[in-house]
Structure formats: C-alpha cells, structure tokens
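K.L.:
Sharing a model that was predicted from the sequence below.
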Amino acid sequence: MGKQSMQDYADDVLQFIAENQIQKPILVGHSMGGAIALTLALQQLNQITGLALLGSSAKLRVSSVILEKAKDTTTFADAVQLVNEYSFNPDAPKDLIRLSTEAMLKLNPKTLLGDFLACDSFDVTGKLNIIQVPTLILCGTLDVMTPPKFSKSLAEQIPQSQLHLLEKTGHMLMLEQPDAVAKLLKQFLDEVPPLS
C-alpha cells in the first residue's frame with residue numbers, strides 16, 4: 001500500500017539505507033522520487049553525497065482534473081490516461097505510452113491516489129539553498145508534468161547543481177532518452193568526489 005506523504009516515503013528510504021548500512025548515498029529520483037530525495041536530503045544534509053533529480057520540482061502540484069478522476073474507481077482509467085498523455089512527448093512511440101498505461105492500470109487506485117495527494121501537498125520552496133552537495137538536474141524540454149522552468153528554479157536555488165535539458169523529450173525522459181540519461185548520470189557519478 002502506498003503512503004500519503006513524502007515524509008512517509010522518505011522514512012522508508014532512510015530505513016532501507018540504515019538496514020543496508022549504506023554510507024552517504026547519492027540519491028536519485030524521478031518526479032515524485034525526486035521529491036522523496038529532496039525531502040530526505042533536507043533532513044540528512046550531512047549524510048548524503050549527492051543528488052540527481054529527474055523531471056522533478058520543489059513543488060509538485062497535481063491537476064485538479066486528475067485528482068478528481070483518480071478519486072473515483074469508475075474514472076480511474078481516465079486519470080491514468082491523462083497522466084500518460086501528459087507524460088510523453090507527442091512523438092514518443094505509441095507502444096511506450098501503451099505499456100506505461102497498462103502498468104499504471106495494474107496499480108491499486110488507492111495507492112495512486114495517495115501518491116497524487118502526496119505530490120500535491122509537497123512543497124520545499126525556499127529551503128533548497130541549504131543543500132550543499134553536488135546535484136544533477138535533468139528535464140525534458142517538452143515536459144508538461146514538470147516543465148523546464150521548475151528544473152531551472154531548482155538549479156538556481158541549489159548551489160552545487162548542474163542542469164541539463166533534453167531536447168524533444170517529455171516527462172518520462174529515462175524512457176524516451178535512456179542512453180542520454182544513463183550517460184549524464186554516469187558522468188555525474190564519476191565527478192562526485194569519493195568518500196574520504
């Protein structure tokens with residue numbers, strides 16, 4: 001079952017890190033995952049080595065239409081359809097959109113609604129300047145869910161950040177441009193100073 005706040009998800013990640021004795025990890029998150037990573041980073045400032053935020057933002061408002069449709073099991077499929085329409089660039093392969101839609105339709109509607117509500121209430125604007133670790137920010141130029149202006153805002157507020165915009169790419173940048181995303185992540189990981 002899903003959670004209904006970023007804090008709950010961040011607590012789960014922190015527990016995983018502790019149980020596996022992971023020392024000063026680099027946190028990587030896409031969209032809501034980026035919000036979870038930011039939540040954890042702001043609470044564990046000295047316990048992380050870096051951040052990578054893909055298609056994310058300091059605030060993740062969800063369309064009221066999507067929220068309303070997600071609340072009702074009879075319109076849940078419509079909510080999933082809307083999310084997938086907004087998540088890919090117009091020229092993305094139709095099979096990619098179909099597979100993403102099919103995967104989301106398998107989710108428990110209550111879980112997806114909880115995630116949407118957690119996103120809608122997330123807001124760490126004004127706090128980002130205290131993050132003092134290397135941070136990679138990636139966004140598609142055609143991202144409708146979290147448009148590039150939000151990634152640019154992250155880059156302006158996080159001191160040690162670098163921003164890369166992927167042309168002709170939507171919100172699901174790691175599915176639309178897997179090679180480019182993997183290359184940028186590897187470059188970033190290679191540049192982060194090793195633990196002393």
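P.N.:
It's in.
K.L.:
Can I take it that residue 111 is in a helix?
P.N.:
Yes - with DSSP: H, G, I helix; E, B strand; the rest coil as the criterion, residue 111 is located in a helix.
K.L.:
and the gap between it and residue 167?
P.N.:
33 Å (C-beta to C-beta, to the nearest Å). Placement of C-beta: from N, CA and C, glycine included.
K.L.:
So what's the predicted local confidence for the most centrally placed residue in the chain?
P.N.:
Taking C-alpha atoms, centre = their mean, the centroid of the chain lies closest to residue 31, which sits 1.9 Å from it. We have a pLDDT of 97 for residue 31.
K.L.:
Quick check: it touching residue 53?
P.N.:
No - counting by C-beta atoms under 8 Å, residue 53 is not a contact partner of residue 31; they are 9.3 Å apart.
K.L.:
so where's the protein shaky on pLDDT?
P.N.:
1-2, 196 (pLDDT under 70).
K.L.:
Domain ranges for it, per the record?
P.N.:
Under the assignment automatic domain parsing, the domains of the chain span 6-60+123-191, 64-117.
K.L.:
any idea which of the ones you listed is most buried?
P.N.:
domain 6-60+123-191 (a mean of 18; mean count of other C-beta atoms under 10 Å).
K.L.:
picking that back up, tell me who's in contact with the residue nearest to the centre of the chain.
P.N.:
54, 55, 56, 60, 119, 145, 146, 171 (C-beta atoms under 8 Å, 6 or more residues apart in numbering).
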